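# I'd like to go over a predicted model; first the sequence, then the structure.
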Amino acid sequence: MLSDISASDVHSLHKRVKDAFQAFDYEMNNTVDVREITTIIYSLGCFPSQKDIHEFIAELEEDHTGSVHLDKFLPVMTNVLMEHKFPSIPEDVLIQAFEVLDKDSKGYLDSEEMVELMTKEGESFTQDEMTEMLMALADHERRIYYKDIICQLTFDQEI
């Protein structure tokens, strides 16, 4: 229960949320572009539906300016993590999903394969989102080593 959460745990969550937020605060003014919120949420180990993301952003966006301020984001996202509002996906399940896509068991997916999958299946990504993702995730040979990335993007959410 939430009453069992120590001040140390809350402080640790605040730091984690703040660090994730600040990674996208390019102007270092405690604001991020609203388009970065989904990536920040994912980096914190949460995988909400698109509907949940839109509702979350609507709650936080500064007067439809396209910006979200850390002062608004920090308490709301901390609460989401403490209450496990957005489901997490265990690391081994994510790896198994990628292994299904990695038909040759190479340990990576080529960027072209990822673009095809992410823009044509399920809740599809835009080309701009894919470009940004590949810049962050693909190596110089345009390969995405999914086990390494999953390890970077997941953490134990038990409090």
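Arrived safely.
# which element is the one residue sitting closest to the centre of the chain on?
Using C-alpha atoms, centre = their mean, the residue of the chain that lies closest to the mean C-alpha position is residue 42, 1.5 Å off. For residue 42, the host element (DSSP states H and E) is helix 37-43.
# which strands and helices lie in contact with that helix?
When contacts are defined as 3 or more C-beta pairs under 8 Å, 6 or more residues apart in numbering; DSSP states H and E, helix 37-43 sits against helix 7-22, helix 50-60, helix 70-83. The way it works is simple: take the backbone N, C-alpha and C, and place the C-beta from them, glycine included.
# centre of the chain to the first one, how far?
Distance of helix 7-22 from its chain centroid, counting by C-alpha atoms, centre = their mean, to the nearest Å, is 15 Å.
# now do the last one
In this view, helix 70-83 has its centroid 14 Å away from the chain centroid, taken as C-alpha atoms, centre = their mean.
# specify the angle between it and helix 7-22 in degrees.
Angle of helix 70-83 versus helix 7-22, following axes from the mean of the first three to the mean of the last three C-alpha atoms, to 10 degrees, is 130 degrees.
# domains in the chain, as residue ranges please.
With domains defined by the TED database, the chain comprises 7-83, 91-155.
# circling back: out of the helices and strands packed on helix 37-43, flag the one nearest residue 111.
With C-beta to C-beta, the closest approach to residue 111 among the helices and strands packed on helix 37-43 belongs to helix 50-60: 23.3 Å.
# output the contacting helices and strands for the closest one.
Looks like helix 50-60 contacts helix 37-43, strand 67-69, helix 70-83 (3+ C-beta pairs under 8 Å, 6+ apart).
# which other helices and strands contact the shortest one?
Applying 3+ C-beta pairs under 8 Å, 6+ apart, one finds that strand 67-69 contacts strand 31-33, helix 50-60.
# would you list those in a markdown table and tack on mean pLDDT and distance to residue 13?
Formatted as a markdown table, those follow (pLDDT from 0 to 100; distance: least, C-beta to C-beta, whole Å):
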| stretch | mean pLDDT | distance to residue 13 |
| --- | --- | --- |
| strand 31-33 | 94 | 18 |
| helix 50-60 | 91 | 17 |
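# any chance of those in CSV, plus mean neighbour count and distance to residue 124?
Shown next, in CSV, are those (neighbours: other C-beta atoms under 10 Å; distance: least, C-beta to C-beta, whole Å):
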stretch, mean neighbour count, distance to residue 124
strand 31-33, 20, 20
helix 50-60, 14, 10
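# in TSV: those, plus distance to residue 11.
Output for those, formatted as TSV (distance: least, C-beta to C-beta, whole Å):
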stretch	distance to residue 11
strand 31-33	22
helix 50-60	22
